[in-house]
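K.L.:
what follows is a predicted structure for the sequence shown.
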Amino acid sequence: ALETYLKNICVSLISAKKTNTDLDVALVTNINIPTKYEKILLENNVLIYIEPFDSFVFPDSYRWCLAFYKLCALEKMVTKYNYDNYIYTDADVYVQKSLDKVFLELKDNILLYDINHGLYVKNYEIIVEEFNRFGIDAYITHYGGEFFGACRENAILFVDQCKKIFDDMQAKDFVTTQGDEFILSIAAYKMKNIVKNAGAYIYRFWTGYFYLVSTCFKYNEIAILHLPDE
């Protein structure tokens with residue numbers, strides 16, 4: 001499984017770098033990358049940041065505990081590295097176009113991916129019930145954890161909001177079945193005046209079954225393919 005994950009990381013990051021040669025593309029991780037894959041990444045001008053997993057930490061026994069490293073990594077990047085803008089994605093994506101248009105959006109918006117789940121979808125029923133138990137009596141948007149984009153100022157505000165939610169979860173001994181998407185969605189709800197759907201730039205393609213999805217290619221081009229079943 002680790003070997004497949006590392007291969008996906010290389011495909012994802014190298015595709016981003018090849019279509020965005022003037023941008024810094026980086027792997028943020030809390031482990032030492034095997035030499036074979038480290039060499040591939042460095043040869044393709046991908047940066048590697050080693051950052052400890054010491055924030056947004058849940059017990060190892062919790063199924064989704066590792067998913068929260070994305071929020072830890074984001075916090076590290078916005079507090080330690082002075083970039084103008086920040087985008088993170090899951091490892092199982094392919095970047096097929098320039099992200100220049102995305103960065104234009106980040107002047108005004110935080111971009112998160114609305115996965116378009118309604119109450120016909122069991123996962124949305126589950127997360128709404130969890131929102132309610134957490135004290136939010138509203139049908140808020142369920143955002144996916146595969147994409148985040150913001151300018152530095154907004155990224156710092158978003159991380160601060162996520163930290164408040166995490167601290168509240170800890171105080172209440174609250175456990176979600178939806179991983180980091182629970183915190184992301186609540187933070188987005190609290191900052192909804194500047195949050196915009198990133199669906200114009202990234203789309204989820206489940207590849208375990210056959211789906212005919214053509215508009216994202218022909219009529220509504222997107223920059224990033226998310227392939228979570230690969």
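P.N.:
Right, received. Where do you want to start? Residues are numbered from 1 along each chain as shown.
K.L.:
which residues sit against the helix or strand bottoming out on mean pLDDT in the chain?
P.N.:
When each helix and strand of the chain is scored by mean pLDDT, DSSP states H and E, helix 215-218 comes last, with a mean of 71. Residues outside helix 215-218 that contact it (C-beta atoms under 8 Å, 6 or more residues apart in numbering): 203, 222. No exception for glycine: its C-beta is placed from N, CA and C like everyone else's.
K.L.:
next SSE downstream of that helix?
P.N.:
As assigned by DSSP states H and E, the chain's next helix or strand after helix 215-218 is strand 224-226.
K.L.:
output the contacting helices and strands for that following strand.
P.N.:
strand 93-95, strand 143-151, strand 202-204 (3 or more C-beta pairs under 8 Å, 6 or more residues apart in numbering; DSSP states H and E).
K.L.:
one more time with 10 Å, if that's ok
P.N.:
helix 2-19, strand 85-89, strand 93-95, strand 143-151, strand 202-204 (3 or more C-beta pairs under 10 Å, 6 or more residues apart in numbering; DSSP states H and E).
K.L.:
all helices for the chain, in order.
P.N.:
Using DSSP state H, the helices of the chain run over 2-19, 35-43, 69-80, 100-105, 122-134, 152-172, 180-190, 215-218.
K.L.:
before we move on, the earlier item: which positions in the least confident helix or strand of the chain come out as buried?
P.N.:
The neighbour-count check on helix 215-218 (16 or more other C-beta atoms under 10 Å) flags nothing as buried.
K.L.:
centre of the chain to that helix, how far?
P.N.:
How far helix 215-218 lies from its chain's middle: 22 Å, per C-alpha atoms, centre = their mean, to the nearest Å.
K.L.:
for stretch 80-93, same thing?
P.N.:
On C-alpha atoms, centre = their mean, the centre of stretch 80-93 falls 9 Å from that of its chain.
K.L.:
that one - what's its average pLDDT?
P.N.:
Across stretch 80-93, the average pLDDT comes to 96.
K.L.:
convert the C-alpha atoms of it to CSV, please.
P.N.:
The C-alpha trace of stretch 80-93 is given here as CSV (Å, rounded to 0.1, in the frame of the first residue of the first chain):
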residue,chain,number,x,y,z
LYS,A,80,6.7,28.8,8.7
TYR,A,81,6.9,29.6,5.0
ASN,A,82,6.0,33.0,3.5
TYR,A,83,4.3,32.1,0.3
ASP,A,84,1.7,34.4,-1.3
ASN,A,85,-0.8,31.6,-1.9
TYR,A,86,-1.3,28.0,-0.8
ILE,A,87,-3.0,25.1,-2.5
TYR,A,88,-3.0,21.5,-1.2
THR,A,89,-4.5,18.4,-2.7
ASP,A,90,-4.8,14.8,-1.9
ALA,A,91,-2.0,12.5,-3.3
ASP,A,92,-4.4,10.8,-5.8
VAL,A,93,-4.8,13.7,-8.2
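K.L.:
contacts for stretch 44-51 next, please.
P.N.:
Here stretch 44-51 makes contact (C-beta atoms under 10 Å, 6 or more residues apart in numbering) with 9-10, 12-18, 21, 24-33, 37-38, 40-42, 69, 72-73, 75-77, 80-81.
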